[in-house]
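Undergrad: no letters, just coordinates:
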């Protein structure tokens, strides 16, 4: 699963290289598609019945599953890009959030960047917990604890992470919050996509008329970060990070171990 992880990473890096005010979400989609194909893969999002695009591009109060199109990005937009690649019949899945600059509204940019930063940090806290957890649901407990410590934010409960392997979405579920059950045992061979989705307001959502885009009911801004992470005999390895997650896990006391 290393190659699909790196192809997914390449697609997000291609998006990051061109994302700016004035660019359409469809242009971002095209850049991601080219990057995946350059590594010999194909978009696993396009393998989902009825979905024709390479990424999901969710802007502002759209949380997930936003369809790329002619929407022109504006200064200050907070944009979540979710991408996935299939290489050799194995899947990768990852997401990032980018806040576009707006010199006329520095307070808005700062607020939205704070939302993204908290979401991203909660993801890494969850990944770090996976390295020491006995049961999978310890990950969600850690994510929620971190977010609660940072202020008033909403953690979506209708949408969660998942196992990943031959298919993009597999068992087991990966919660971003506390649940009563302990979940499956964490042991070598487990590969999961951890993906907190966090809002600046409430957690209620609705699906827009396109039957895909999920938006916050109260219009609050949202952020989405995700990585695919493998558990193996030597430890963990973040498949969708170039360094396996080393730089972001170091402050949390975790050293990822390359897969033999």
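TA: Ah, there it is. This is a predicted model, so every value here is computed, not measured. Numbering: from 1, shown residues only.

Undergrad: which parts of the protein are helices?
TA: Across the chain, reading from the start of the chain, the helices by DSSP state H fall at 2-18, 25-38, 106-132, 138-149, 246-249.

Undergrad: nearest to residue 176, out of those helices?
TA: Among the helices of the chain, helix 138-149 comes nearest to residue 176, with 4.9 Å by C-beta to C-beta. The C-beta positions use only the backbone N, C-alpha and C, and glycine is treated the same way.

Undergrad: contact partners for the residue lying closest to residue 86 once chain neighbours are set aside?
TA: Excluding its sequence neighbours, the residue lying closest to residue 86 (C-beta to C-beta, 6 or more residues apart in numbering) is residue 44, at 4.1 Å. Residue 44 is in contact with 4, 84, 85, 86, 91, 92, 93, 168, counting by C-beta atoms under 8 Å, 6 or more residues apart in numbering.

Undergrad: which of those residues fall in strands?
TA: Assignment to strands by DSSP state E places the following of those there: 84, 85, 86, 91, 92, 93.

Undergrad: neighbours around the third one, how many?
TA: The criterion is other C-beta atoms under 10 Å. On that basis, residue 86 has 23 neighbouring residues.

Undergrad: where in the stretch 151-260 of the chain is pLDDT low?
TA: Per-residue confidence for the stretch 151-260 of the chain (pLDDT under 70) gives no ranges below the cut-off.

Undergrad: residues near the nearest residue to residue 134 once chain neighbours are set aside, how many?
TA: The shortest distance from residue 134 to any non-neighbouring residue, by C-beta to C-beta, 6+ apart, is to residue 186 (6.2 Å). The tally of other residues near residue 186 (other C-beta under 10 Å) stands at 20.

Undergrad: now residue 186: how far from residue 240?
TA: Plainly put, residue 186 is 19 Å away from residue 240 if you go by C-beta to C-beta, to the nearest Å.

Undergrad: what's the answer for residue 231, then?
TA: Here the distance between residue 231 and residue 240 works out to 15 Å (C-beta to C-beta).

Undergrad: who has more neighbours out of these two?
TA: More crowded of residue 231 and residue 240, by other C-beta under 10 Å: residue 240, with 30 against 19.

Undergrad: wait, the more buried one touches residue 91, no?
TA: No - taking contacts as C-beta atoms under 8 Å, residue 240 lies outside contact range of residue 91: 10.7 Å.

Undergrad: what residue in the protein is the furthest from its centre?
TA: Relative to the centre of the chain, the most outlying C-alpha is that of residue 104, 28.8 Å out, by C-alpha atoms, centre = their mean.

Undergrad: quick one: contacts for that residue?
TA: Contacts here follow C-beta under 8 Å, 6+ apart; on that basis residue 104 touches residue 75.

Undergrad: what does the pLDDT read for it?
TA: If you check residue 104, the pLDDT there is 98.

Undergrad: what are the phi and psi angles of it?
TA: With angles defined as degrees, to the nearest 10, residue 104 shows backbone torsions of phi -80, psi -10.

Undergrad: how close does it sit to residue 21?
TA: Residue 104 is 12 Å from residue 21, where distance means C-beta to C-beta.
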